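K.L.:
Curious how this folds, go ahead:
(chains A and B)
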Number of protein chains: 2
Amino acid sequence: MKISALMTSAGINIGICVLLWSLYSVLRKQPAFVRVYFGRRIAEENRLLREAFILERFVPSTGWIVKALQCTEEELLAAAGLDAVAFNRMLVFSIRIFSLAAILCLFGILPVHYFGRKMHRLEISSEQLHMFTVGNVEVQSRWLWVHSIVLYIISGVACFLLYVEYGHIARLRLLHLKRATLNPGQFTVLVRGIPKTENESCSSDVDDFFTKYHASSYLFHQVVYKAGKVQKIMTGAKKACGMSDPSTDTTLDQRCKAVTYPCCLCGASSDSFQLLPTDEVAKNIDKKECAAAFVFFKTRYGALVASEALQTSNPTKWVTDLAPEPDDVYWSNIWLPYKQLWIRRIATVLGSLVFLVLFVVPVAFIQGLSQLDQLQKKLPFLDGLLKKPYMSQIITGYLPSVILLLFLYTVSPIMILFSTMEGPTSHSERKKSACSKVLHFYIWNVFFVSLASGAVINQLNPSSSTKDIAVRLARVIPEQTTFFITYVLTSGWASLSSELMQLFGLIYNFIIKYVLRMKEDIAFVPTFPYHTEIPKVMLFGLLGFSCSVLAPLILPFLLVYFFLGYVVYRNQLLNVYRMRYDSGGLYWPIVHNTVIFSLVLTQVICFGVFGLKESPVAAGFTIPPIFFILSFHQYCRTRFLPLFKTFPSQDLIDLDREDQRSGRMEHIHHGLRSAYRQFPDNEDIKLEQILTVGNDEDQDEGCSSGERNGEETCKEQEPEGICVTQL
Amino acid sequence: MKISALMTSAGINIGICVLLWSLYSVLRKQPAFVRVYFGRRIAEENRLLREAFILERFVPSTGWIVKALQCTEEELLAAAGLDAVAFNRMLVFSIRIFSLAAILCLFGILPVHYFGRKMHRLEISSEQLHMFTVGNVEVQSRWLWVHSIVLYIISGVACFLLYVEYGHIARLRLLHLKRATLNPGQFTVLVRGIPKTENESCSSDVDDFFTKYHASSYLFHQVVYKAGKVQKIMTGAKKACGMSDPSTDTTLDQRCKAVTYPCCLCGASSDSFQLLPTDEVAKNIDKKECAAAFVFFKTRYGALVASEALQTSNPTKWVTDLAPEPDDVYWSNIWLPYKQLWIRRIATVLGSLVFLVLFVVPVAFIQGLSQLDQLQKKLPFLDGLLKKPYMSQIITGYLPSVILLLFLYTVSPIMILFSTMEGPTSHSERKKSACSKVLHFYIWNVFFVSLASGAVINQLNPSSSTKDIAVRLARVIPEQTTFFITYVLTSGWASLSSELMQLFGLIYNFIIKYVLRMKEDIAFVPTFPYHTEIPKVMLFGLLGFSCSVLAPLILPFLLVYFFLGYVVYRNQLLNVYRMRYDSGGLYWPIVHNTVIFSLVLTQVICFGVFGLKESPVAAGFTIPPIFFILSFHQYCRTRFLPLFKTFPSQDLIDLDREDQRSGRMEHIHHGLRSAYRQFPDNEDIKLEQILTVGNDEDQDEGCSSGERNGEETCKEQEPEGICVTQL
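P.N.:
The predicted model follows:
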C-alpha cells in the first residue's frame, strides 16, 4: 500500500471523527437526549435538566473534554467504581509507554529503516509503506543495535510502569475494601451443593451444618429457590385458579417459613388458593428445589474463613464462596447444581474454541481484500472495478477493516452467552469471564490469523512455515503493518467516536420517544461494557508493542487512539454508564498478563526478524529480556496476585473490630436481613413485614422474578452496552 | 530387529534376573547382610537376628515372595505409610489395565497385524519384529475397526479404574488424617517472611501478631534460626576462647530466651563464655537472623484457618503454611528468605530445562546404536566388528538401553539437587518436586527424544516433520518398538533385580564392615526413592498405552515387569526402606495426571496412524475419546483434587472436639512443646530442662546442627536411595 492510500483511509476516519465529535458536543446539550448522554448522572443524582432554547446549544464545544480530563481519580472511583479506575490506569499506562516508544522509534528507528537501503526515492506520498518497516533494512546491517537498545528500553520501562500500576490498583483495592463498610457481600457466603437429606428441610440442614461447624460466627441464612420451578408451581396454581395472565406476581419470603400468592389482577382473594395449602407447597419447593443458600456471618473474617475452607470430605458438597454483592448476584445462575458446573465449563471452552476456529473464514476473506494484487489475480472479473484508483485505495485501505469491525460486533454477544452458560454467580464474574474470552479471541483471530492469512495469500508455503513461528511472524509482520494501521484507524478512532455518540442508545431513545411515544424510563441506564472495551484496548497495545520496533509508523496513530480513548472513556464513565456492580479491580490481572504476553511476543518476533537479517548478535540479545520479563511476571504473581484472589485477614479483622467498637455492627447485621432478595419488590419491604403472612404491600409490584430473569437471559445476545437493566 | 535379537536380549535379562533373585533369596538369609535387607524392620522393631549356621541359609527359596504378596494394604500402610500404598495402587492399576490390554491386543490385534499383508513368511525366529506392528497393516485396511474398539475399551476401563483408585486414595488420606491423632504438624503453622522491626525482637513480633489476629486459637511459637549464622557466631565465640576444634557443640533453646555454649572437649567451663553475655548474643541472633517461626495452635482447625488465610496486605510478609511433620522438616531450607523463593523457582525451572535439552545428546547417540544399518553407513571403520552376528545382536538388542540406563542414573541426583535449590520446607515436598521433574525428564527424553532421534537417523526430514506431530509419532512408534521392548527388559526387569539386590547397599555394607571395620550403624536406613521409582513405572505405563494397539508385542514384557515390580517393591517397602516422612498420598495426583496424559497421547498417535493408513473413519473415531478423557480429568479435578490440597474442616473440627471431650488435648499441647527441634540432641531432653541455663546433659552430643545440615546438603548429589541419614 502506498502512503497516499493510507492517507485516504486516515482522511475518511478523521472526517468521521470530527463529524461525530462535533455532533456529540451539540447533541449532549439537547434536553431530549439527556437520558442517552447523562444516564448515570440523572439516575444517580436525580437531576432533571430541562432548559429553555438558547443558541449556544447548537454550537459545537470542547468544554466536556476539559471536564473529562479534569476529573480526579477520586471522583472517578466514587462515580464509576474500581473497575473504571483500573480501566483508566490501563489507558494511562498505554499512553505513557507508547509516548516513549513513539519518541524512540520515530526518531531512532524510522531513519534507520528509511535510509536502510540505497534506492531510487519517489515522492513521499507515493512511497510504499514498506519503506518505513524493518523490511527495508539490509541483511547483516550494522544498525540493528538501535533496535536492540530501543527494545530493551521499552521492555524495561513497561515492566517498571506495570509494577507501579499493579501496586497502585492493589492499594486501591484494599482502600476500597476498607471504605465499603456496609458491603453485605463481605459478611455473606454463598453455599452451593447442599446435599439432599430425607427427613429435614433444606433450610434446617443449612442451619444445622453451620451451627455445628461455624457456631462462633454464624448468624443466619437465606435459601435460594430455583426460580423456574417456583414459577412453574405458580403457574400451576394460576391454572387451578383459571387464569393465564402472566403479570401476576409472586412473593416468597426469604426464610422459607410460608408462601403467599397474592393475585391482585384477577381480583381473587388469597382465599382462593386455600385449595393448595401454602405450607405444603413451600415445603415441597424447599425439599426439592433449594440448591443454594446465602449464609450470613457475624464478622467479615468469619465469612472469609468459612468461604475459604474445604467444608467436607466431598469437595462438591457444601461448596462455599464469598457471596457477590446484592446488586451483582446473577440470580438465574445461582441455583445451578454445583455438580453441573464442571461440564458446563468444558462445554463453553469447547464452544468458544469452535467459534474461534470458524471465525477464521471471514478474517481470511478480509485479508484477501487487503492484498489487492493477489485479489486481482484470483478474481479477474473485478479487474475493471479495481483499476479505478480511488476504488482500489478504498478497497485496500478502508474496506477490510470495516468488514472485520462489523464481524467483530458479533463476538462479544456470543462470548457473553458462553460466559452465562458457564454458570457464574455474579454479573461481574460473567463479564470478567467474557472479557478474557473476547481477549483470547481478538489476539488469536485479529492478530495471529490476520498475519497467517496474509502469509497464505502471499504464497508463502503455509505447511513449511508453521515450523518456525518466530521466523514466520517476522516475515509477515512488516508486511501486515498496513492492515494494522488501517485497523487502528477504523476500529480504533471510528469506534471511539461511535462509542461517544452512543449510536445505539440514540436510536433506541429516538424510537422509544418519537416512534412508540412511550414514557421515558429514568432507571434505564446501561453498565460499562468492560468485556468489549478492555480486549479492544489490549489488542491495540499488542499491535503497538509488536510493531513498535519493526514498523514504527503505526505508533503515532495508536498514540492518538489512546489519547482519544482516554478522553472518551472518562467522559462515558462519568456521564453515561452506571456502576451497578463492581468486580473490585479484578480486570487488572488480565490486563497485566496481556501486556506481559505482548512484551514476550515482541521479543520472539524480533528474534525471528533479526535472525532473518542474519544478525546473530542482535537476535541473541532478544533472549535475555524474555527471561527478565517472565521473572518479573512471576514476581508480580507472588507479590500482588494473592490480593486479587482473597482479602488480607489483618485488614478484615481490623475493620470488624472497629465496627464492633463503634457499635455499627448491630446496624450492619440488621441490614443483612434484607440485603439479598431473590424476588425483588418495587417497594423496599422489610423482611419483618414479609414474614407476616398475607400483607398487601407487595401486590402492586410490576416485575416479577420470572420476568426479570427472562429479560436478562434473552437480552444476552446483544452487547452489554445496550442491555439496559431495569433497576 | 529380528525376533532372535529380541530373544537374545530377553535371554540375557532373564538370566540376570534369575541369578540376582536367587542370590537375593540366599543373601537375605545371611545375618551379615541383615542390615541391608531388613533395615526398616531392624530399625523399627529393634530386633537383632544373629543365628547359627544352617544349610537352609544357602538354598534359594521363594518364601519371601509369598510373604510380600500376602501382606495386606493395612499392614503396608502401617509399615510404610500412605505414599507406599499410593505407589502400590499405581502398580495394581497398571497390572489390571495392562492385563486387559494384553488379552485384547494379543488375541485381537496381533493376528490382524501378522496377517495384514500377504508376503513370504520366514521362520518365526528370523521374522522381523516389524511384522507384528501396525506397520504391517495395509493402507485402507478394513480391519482398523478392531483397533478402534480396543482403544475405546482400554480408555474407558482405564478411566473407570483411575476413578476408583483416586477415590480410594482420597478415602485413605482422610482415614490417615483421622488416625494420626498425635500429629504435631496438624497443629502447627510455619510462618515465613516475618517483617523486620526496629525495636522488638522477632520472637515478640510473632507473639504480638498472632495474639492480635488469631487470639482464640494461638498457643505459642518457636523461632527458627538461620543455622549457618548461629554457627558463625559460635565460631566467633570459640575464637575468643582461643580454640578452633570443630567438634564442640551448641545448643539453642527453642524459645530464644537464653543461649549456652558448653564446650566440653577443650575443658573450659561455661564460665569462660561470660565474656560474651549470652543474652545479648541471643538477642543479636534473634534480631537479624530469625526468618521463620513455627506457630502452634490450640486446635487443628485453628491451624488450618491460619495457614490458609492471606495474613496481611503484602503477600510476601507473614506467609503461613501448614507445617510439615517434625521428621519431615527440611531444616536447611526453612530459614530461606521467602522473598527469594520466586527467583529460586525460576532458576531451577531454567536449570531443569537446560539439563533436559543437553541430555538429548546421549539419547541421540544411543538411538544411533540401535539403528545398526545406519550406524554402519556413518562409521565404516566399525564394519568388521559389526559383521560378527552376535556382536550386532548385542549392539542393537542390548547395549543401547544399558547405556541409556547408565546415563539415566545421573538424572535423579541432579533433579533432587534442583528441587533442593528450589527451597522446599519439607523432605516430602522436595521429593515430590523431584519426582515431577524426573517424570517430565523421562517422558521428554526417553519417550519423545528417542522417537525423534530414531526418526532423524531414519533420514526422515526433521524440519518438515515437526509440522504434524501426530503423523510423525505415528510413523516412528511402530519402528521404535524394538528399542522400547529392550528398554523394558533392561531398565525394567534388570533394574528391578538390582533394586532387590540393593547392590549399592551391599557394597557399602561390605566396605564399612570388612574393609573399614567400623561399627555397624543400626539407625542407618534409607527412605524409599519415590522420585526415581514413580517416574520409571509411569514411563512404562506411557510406553504400554502408546504401543498397546500399534505394537502389542510389548505388552507381555510390560506385564511381567509390573508383576515383578509388584512383588519387589512390596518386599522392599516392608523390609528395606524406612518411612521417615510421608506426604500423605500426594504422589497420586501426579500418577493420575500422567495416566491421563498417556491416554490422550495414545489417541493422538492413533489418530496419526489411522490417518497414515488412509482410514478417515477410524481416525475420526479417536477424537471423541480425547474429549471424554479430558472431561473425566476435569471431573476428577473438581471431585478429588481439593482433598489433596487441603483438609476438610468438618473432619478436623470433629477430631478436635473428640480430643477435647476425651481430655487428650492437654496431652497433645504438652507434646507440641518439644515436637520441633532445630538442633537435635541425641538424648531426648525436654524443653523445660533446656530452659535451665547451663545444664550439662547436652555436652556429650556428637552431631551438632551445623554438621547435620552440612551432611544433608553435601549428600544431595547422590540418589536418595543411598543418602542415608543419621537418625
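K.L.:
where's the helix or strand harbouring A:Arg661 relative to the chain centroid, distance-wise?
P.N.:
Using DSSP states H and E, A:Arg661 falls within helix A:649-662. Distance of helix A:649-662 from the chain centroid (CA atoms, centre = their mean, to the nearest Å) equals 33 Å.
K.L.:
Which residues does the very next helix or strand once past it contact?
P.N.:
Following helix A:649-662 in sequence order, the next helix or strand is helix A:664-672 (DSSP H and E). Helix A:664-672 is contacted by residues A:Thr181, A:Leu182, A:Pro184, A:Phe187, A:Thr188, A:Leu219, A:Phe296, A:Lys298, A:Asp656, A:Asp659 when judged by CB atoms under 8 Å, 6 or more residues apart in numbering or on different chains. C-beta coordinates here come from the backbone N, C-alpha and C atoms, glycine included.
K.L.:
Make JSON lines out of the residues you listed and add pLDDT.
P.N.:
Formatted as JSON lines, these follow (pLDDT from 0 to 100):
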{"residue": "A:Thr181", "pLDDT": "59"}
{"residue": "A:Leu182", "pLDDT": "73"}
{"residue": "A:Pro184", "pLDDT": "85"}
{"residue": "A:Phe187", "pLDDT": "90"}
{"residue": "A:Thr188", "pLDDT": "91"}
{"residue": "A:Leu219", "pLDDT": "88"}
{"residue": "A:Phe296", "pLDDT": "92"}
{"residue": "A:Lys298", "pLDDT": "90"}
{"residue": "A:Asp656", "pLDDT": "89"}
{"residue": "A:Asp659", "pLDDT": "87"}
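K.L.:
Any quick PyMOL command for the buried ones out of those residues?
P.N.:
PyMOL command restricting these to the buried ones, with burial defined by 16 or more other CB atoms under 10 Å in any protein chain shown:
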select buried, chain A and resi 184+187+188+219+296+298+656+659
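K.L.:
Out of the contacts of helix A:664-672, which two sit at the greatest distance?
P.N.:
Largest separation among the contacts of helix A:664-672 by CB to CB: A:Thr181 and A:Leu219, giving 17.0 Å.
K.L.:
Now do the lengthiest helix in chain A: which elements does it pack against?
P.N.:
Longest helix in chain A, counting residues (DSSP state H): helix A:144-179. Judged by 3 or more CB pairs under 8 Å, 6 or more residues apart in numbering or on different chains; DSSP states H and E, the packing partners of helix A:144-179 are helix A:73-104, helix A:530-548, helix A:587-612, helix A:616-621, helix A:623-639, helix A:641-645, helix A:649-662.
K.L.:
buried sites along that helix?
P.N.:
Buried, per 16+ other CB under 10 Å, within helix A:144-179: A:144, A:146-148, A:150-152, A:154-155, A:158-159, A:161-163, A:165-166, A:168-170, A:172-174, A:176-177.
K.L.:
With stretch A:627-645 instead?
P.N.:
Buried, per 16+ other CB under 10 Å, within stretch A:627-645: A:628-636, A:638-644.
K.L.:
now swap in stretch A:664-679 and tell me
P.N.:
So stretch A:664-679, judged by 16+ other CB under 10 Å, has buried residues A:Met665, A:Ile668, A:His669, A:Leu672, A:Arg673, A:Ser674, A:Ala675, A:Tyr676, A:Arg677, A:Gln678, A:Phe679.
K.L.:
Just the CA trace of that stretch, in CSV.
P.N.:
Coordinates of each C-alpha in stretch A:664-679 appear next as CSV, following Å, rounded to 0.1, in the frame of the first residue of the first chain:
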residue,chain,number,x,y,z
ARG,A,664,-22.0,-0.2,63.9
MET,A,665,-22.0,-4.0,63.8
GLU,A,666,-25.6,-4.2,65.1
HIS,A,667,-26.7,-1.9,62.3
ILE,A,668,-24.9,-3.9,59.7
HIS,A,669,-26.4,-7.2,61.0
HIS,A,670,-29.8,-5.7,60.8
GLY,A,671,-29.1,-4.6,57.2
LEU,A,672,-28.1,-8.0,56.2
ARG,A,673,-31.6,-9.4,56.7
SER,A,674,-32.9,-7.6,53.8
ALA,A,675,-29.8,-7.4,51.6
TYR,A,676,-30.4,-10.3,49.3
ARG,A,677,-33.8,-10.7,47.7
GLN,A,678,-34.3,-13.3,45.1
PHE,A,679,-37.7,-11.9,44.1
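K.L.:
Tell me the gap between it and the middle of its chain.
P.N.:
For stretch A:664-679 - counting by CA atoms, centre = their mean - the centre lies 30 Å from the chain centre.
K.L.:
And for stretch A:423-432?
P.N.:
The answer for stretch A:423-432 is 11 Å, by CA atoms, centre = their mean.
K.L.:
quick check: mean pLDDT across that stretch?
P.N.:
Mean pLDDT, stretch A:423-432: 90.
K.L.:
So what would you say the end-to-end distance of it is?
P.N.:
Using CA to CA, to the nearest Å, the span of stretch A:423-432 from its first residue to its last is 13 Å.
K.L.:
quick one: A:Tyr635 from B:Trp588, how far?
P.N.:
Counting by CB to CB, to the nearest Å, the gap from A:Tyr635 to B:Trp588 is 32 Å.
K.L.:
Surely A:His592 is in contact with A:Gly167?
P.N.:
No. With contact defined as CB atoms under 8 Å, A:His592 does not count as touching A:Gly167 (11.2 Å).
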